[in-house]
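Q: make a model of this:
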Amino acid sequence: MVNQAEQLWKRIIEKGSKSDANFMASMNLQPGANEEDFQRLEQTLSITMPEQLKVLYAIYNGQVWNIGCNPFLRNLTLSPISNIIDNWNFMQEEFDPDGGLELSNDPRIKPYLWHSKWIPIAENGGGDYLCIDTDPSESGTVGQMLYCWHDWGNRSVEANSLFEFIEICLNEEDEM
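A: Numbering: from 1, shown residues only. Next up is the predicted model:
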């Protein structure tokens, strides 16, 4: 799985470098996370990190966003573990965790506006998060990827895993 994560990072950087020779430097990637970082995230969120997330973050612990920073994928900045915790805490305060029932079009996701078992790993700067679902409905898959939109209650599965989501994005024709 480590080799697969390394290959995905390589492909992300190669794809972005086709349109911006300074792509990797302008991503502001952070050195890989360590076991202490993983434990802090798991303890704070009361979750078990999916293995794909661990191996991806062991290579680069997200990005530090600033003006001119290139996105990880699509329009998303990959949050460092410290930002994941901050964003999760914000969402816990913003929404009634696990209590705000909202109709969803996707039966694989529990029908919450926000769920404390979602890990907000990436953001678009507009209040929207890409999340890993660690507590899906019975028809869902642990580790499935979903968007949590700040102004829209619809939640839908974008991919069954983090690596699958990355593959989907890398195969899109649009520039990153």
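
Q: please enumerate the strands of this structure.
A: Using DSSP state E, the strands of the chain run over residues 29-31, 60-63, 77-78, 118-123, 129-133, 144-148, 157-159.

Q: for residue 167, find the nearest of the ones you listed.
A: Each of those has some distance to residue 167 by C-beta to C-beta; the shortest is strand 157-159, at 7.9 Å. Quick note: C-beta positions are derived from backbone N, CA and C, even for glycine.

Q: got the contact list for residue 163?
A: 4, 5, 8, 52, 56 (C-beta atoms under 8 Å, 6 or more residues apart in numbering).

Q: who's in contact with the nearest residue to the second one once chain neighbours are set aside?
A: Spelled out, that is residue 5. Distances taken as C-beta to C-beta, 6 or more residues apart in numbering place residue 55 nearest to residue 5, at 4.2 Å, with adjacent residues excluded. With contact taken as C-beta under 8 Å, 6+ apart, residue 55 is in contact with 1, 2, 4, 5.

Q: want to try CSV for the residues you listed, with distance to residue 27 as columns?
A: Shown next, in CSV, are the contacts of residue 55 (distance: C-beta to C-beta, whole Å):
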residue, distance to residue 27
1, 22
2, 20
4, 20
5, 16
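
Q: which ones are touching residue 8?
A: For residue 8, the contact set (C-beta under 8 Å, 6+ apart) comprises 56, 163, 166, 167, 170.

Q: closest to residue 43 out of the strands of the chain?
A: In terms of C-beta to C-beta, the element of those nearest to residue 43 is strand 118-123, at 13.2 Å.

Q: got the phi and psi for the residue lying closest to residue 78 once chain neighbours are set aside?
A: Distance criterion C-beta to C-beta, 6+ apart; nearest residue to residue 78, sequence neighbours excluded, is residue 72 at 3.9 Å. The phi/psi pair for residue 72 (degrees, to the nearest 10) reads phi -70, psi -60.

Q: contacts only, for residue 72.
A: 12, 27, 63, 78, 122.

Q: turn these into TSV, including pLDDT.
A: Output for the contacts of residue 72, formatted as TSV (pLDDT from 0 to 100):
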residue	pLDDT
12	95
27	94
63	96
78	97
122	97
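
Q: turn those residues into a markdown table, including neighbour count and distance to residue 135.
A: Below are the contacts of residue 72 laid out as a markdown table (neighbours: other C-beta atoms under 10 Å; distance: C-beta to C-beta, whole Å):
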| residue | neighbour count | distance to residue 135 |
| --- | --- | --- |
| 12 | 23 | 28 |
| 27 | 24 | 31 |
| 63 | 22 | 26 |
| 78 | 25 | 22 |
| 122 | 27 | 19 |
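
Q: now the top helix by length along the chain: buried residues?
A: As assigned by DSSP state H, the longest helix anywhere in the chain is helix 2-17. By neighbour count with 16 or more other C-beta atoms under 10 Å, helix 2-17 contains the buried residues 5, 8, 9, 12, 15, 16.
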